[in-house]
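In: let me see the structure of the following:
(one chain, ligands or ions: 1)
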Amino acid sequence: MSEADQLKALRVRIDSLDEKILELISERASCAQEVARVKMRSLAAGETPVFYRPEREAWVLKHIMELNQGPLDNEEMARLFREIMSSCLALEQPLKIAYLGPEGTFTQAAALKHFGHAVISRPMAAIDEVFREVAAGAVNFGVVPVENSTEGAVNHTLDSFLEHDMVICGEVELRIHHHLLVGDTTKTDKISRIYSHAQSLAQCRKWLDANYPNVERVAVSSNADAARRVKSEWNSAAIAGDMAAELYGLSKLAEKIEDRPDNSTRFLIIGSQEVPPTGDDKTSIIASMRNKPGALHELLVPFHSNGIDLTRIETRPSRSGKWTYVFFIDFVGHHRDPLIRDVLDRIQQEAVALKVLGSYPKAVL
Ligand SMILES: O=C(O)C(=O)C[C@]1(C(=O)O)C=C[C@@H](O)C=C1
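Out: Predicted coordinates:
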C-alpha cells in the first residue's frame, strides 16, 4: 500500500474512533446531568447541593491511572479525564475559582491543573484577597501557593489561615520551570534590569549570579506582572513561566533557569466544604502550645507514638503575644480516622488552641 493509502486508512479508523469517543463523552455528560438531578432531588429543606466532590474526582483519576496501559502515560491520560470531568461538572454547576493573579501566574496554572479548564477563574491581587473572596462566598474555592521546594513556606498564606476560618479541600503540586523572557523590541545585549517575583528571583539566584551578575534584579508582585512590564521596555527581561510568556507574547532567551531541576510549588484549595475520606488523604492543622520548654516535643509525641507520617511542620509568630508561636502541621490521614481522632484529642489536651484546617485527598496529578 502506498503511504497515501496507509494514511487514508488510518484516518478512517481515527474518524470512526473519534465518533465513538464523542458518543461516550456525551453519554458521560448526560450521566453527570442526571447525577445533578439526583443531588437536587435528595436535598433536605434549606440544604444546598454539593456538586463538586473532590474525593470522587480523586478516585476517578486514580482508577484511570490504574487501568491505563499506554501508549499515553498515566499523567497524560489522567489530564484528559481531568478535562472531561471538569466539563461534566460545569454542566452541573460552573465552579467559580479565585486565585492569586494576575492572569498567567503559576497559581492560575495550578488552579487549571486541579479543576480543569471548564471553570470561571478570577485573578486576585493578593493572597489575602483570595481568602476574603472565598469567605464572602463570591467564589466556590480559592487557590493559593503554600510552599516551594527551594524557597520554603509562603508566609502570607500561613498567616491568612490565622485570620480566616477556611477549610482546605485539596492540594496541587506544580513543577515550576522559569525562563528568561524578552519582548520583540528587547535589545538582548543591553539588558540592565530583570523583573520577577521575589520567590522566583530566589529560585534562580545561582543562574543569575553566573549569567547576569551585574544586572539589577527587581522584585515585583508576580511573574506575570514582570512579563507585562517587559513588553514595553527595550532594556529589561523577566523571569516567568510558560503561561506568562504565552499571555504576553514574549520569547525565551534562556529556558528552565531554576537552580534546582526539581523546583516545585505546592498550592492549597480553600473553601468551606468538608471532604470525606478517600483512604489516601492528608490533614492540615494549626496548633498553638503553651510557651514552655518541651512544648514542640509534646506536640509531636502523639504522632510518633501512633506511627503517623508528618509531611510538614512550619512555625509562625502567633500574633497574640510576643515570642509565642503557632505550628502548622501536615500529616498523612483523615481527621475522621479513629487513629487520627485519637492523636488530635491528645494534642487538644496539651495545646492552647488546635484548629483542623481540613482533610483532603493527596494530590493525584
Ligand atoms: O459523582 C459525582 O458526584 C458527580 O457529580 C460526577 C462527577 C464526574 O463527572 O465524574 C462530576 C463532578 C464531581 O466533582 C465528581 C464527579
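In: so which helix or strand takes in the closest residue to G333 other than its chain neighbours?
Out: Nearest non-adjacent residue to G333, counting by C-beta to C-beta, 6 or more residues apart in numbering: I340, 4.3 Å away. (Each C-beta comes from the backbone N, C-alpha and C, glycine too.) Per DSSP states H and E, I340 falls inside helix 338-350.
In: for that helix, name the packing helices and strands.
Out: When contacts are defined as 3 or more C-beta pairs under 8 Å, 6 or more residues apart in numbering; DSSP states H and E, helix 338-350 packs onto strand 281-289, helix 295-305, strand 351-361.
In: change it to 10 Å
Out: Judged by 3 or more C-beta pairs under 10 Å, 6 or more residues apart in numbering; DSSP states H and E, the packing partners of helix 338-350 are strand 281-289, helix 295-305, strand 325-332, strand 351-361.
In: circling back to that earlier point, is it true that the residue nearest to G333 touches I329?
Out: No - between I340 and I329 there is no contact under C-beta atoms under 10 Å: 11.9 Å.
In: compare these two (neighbour count), which wins?
Out: Neighbours around I340 and I329, counted as other C-beta atoms under 10 Å, are more numerous at I340. The numbers are 24 against 20.
In: residue contacts, the more buried one?
Out: I340 makes contact with 277, 281, 283, 285, 302-303, 306, 308, 331-334, 356, 359, according to C-beta atoms under 10 Å, 6 or more residues apart in numbering.
In: repeat the analysis, applying 7 Å as the threshold.
Out: Shown in contact with I340 (C-beta atoms under 7 Å, 6 or more residues apart in numbering): T283, G333, H334.
In: related to what we said a few turns ago, if I look at the residue nearest to G333, how far off is the ligand?
Out: Distance of I340 to the ligand, computed by C-beta to the nearest ligand atom, to the nearest Å: 24 Å.
In: what mean pLDDT does the helix holding I340 get?
Out: Across helix 338-350, pLDDT averages out at 94.
In: if we can go back for a sec, most neighbours among the contacts of I340, which one?
Out: Among these, T283 has the most neighbours (other C-beta under 10 Å), with 24 neighbours.
In: residues contacting it?
Out: Residues near T283 by C-beta under 7 Å, 6+ apart: F331, G333, H334, H335, I340, V356, S359.
In: repeat that for F267.
Out: Contacts for F267 (C-beta under 7 Å, 6+ apart) come out as T107, A110, V143, V144, P145, V146, E171, V172, L174.
In: for E92, same thing?
Out: Per C-beta under 7 Å, 6+ apart, neighbours of E92: A32, Q33, V35, A36, F51.
In: among these, which lie within helices?
Out: Judged by DSSP state H, helices contain the following of the contacts of E92: A32, Q33, V35, A36.
In: as TSV, those residues with neighbour count and pLDDT would be great.
Out: Formatted as TSV, those follow (neighbours: other C-beta atoms under 10 Å; pLDDT from 0 to 100):
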residue	neighbour count	pLDDT
A32	17	96
Q33	13	96
V35	17	96
A36	17	95
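In: ok, which residues in the protein are in contact with the ligand?
Out: Counting by C-beta under 6 Å from any ligand atom, the chain comes close to the ligand at A32, V35, F51, Y52, R53, R56, E57, V60, M85, C88, L89, E92.
In: just the buried residues of stretch 301-320, please?
Out: For stretch 301-320, a neighbour-count test (16 or more other C-beta atoms under 10 Å) marks P302, F303, I308, E314, R316, S318 as buried.
In: typed the wrong thing, it's stretch 146-166
Out: For stretch 146-166, a neighbour-count test (16+ other C-beta under 10 Å) marks 146-151, 153-154, 156-162, 166 as buried.
In: before we move on, what about stretch 113-127?
Out: Buried, per 16+ other C-beta under 10 Å, within stretch 113-127: K113, H114, F115, G116, A118, V119, S121, R122, P123, M124, I127.
In: quote the end-to-end distance of it.
Out: Taking C-alpha to C-alpha, to the nearest Å, stretch 113-127 runs 19 Å from one end to the other.
In: same check, this time on stretch 305-319
Out: Using C-alpha to C-alpha, first and last residues of stretch 305-319 are 31 Å apart.
In: what's in contact with it?
Out: With contacts defined as C-beta under 7 Å, 6+ apart, stretch 305-319 is touched by 153, 155, 158-159, 162, 282, 288, 303, 324-333, 339, 342-343.
In: switch to 8 Å and redo it
Out: Outside of stretch 305-319, the residues within contact range by C-beta atoms under 8 Å, 6 or more residues apart in numbering are 147, 153, 155, 158-159, 162, 282, 288, 300, 302-303, 323-333, 339-340, 342-343.
In: noted, bye for now.
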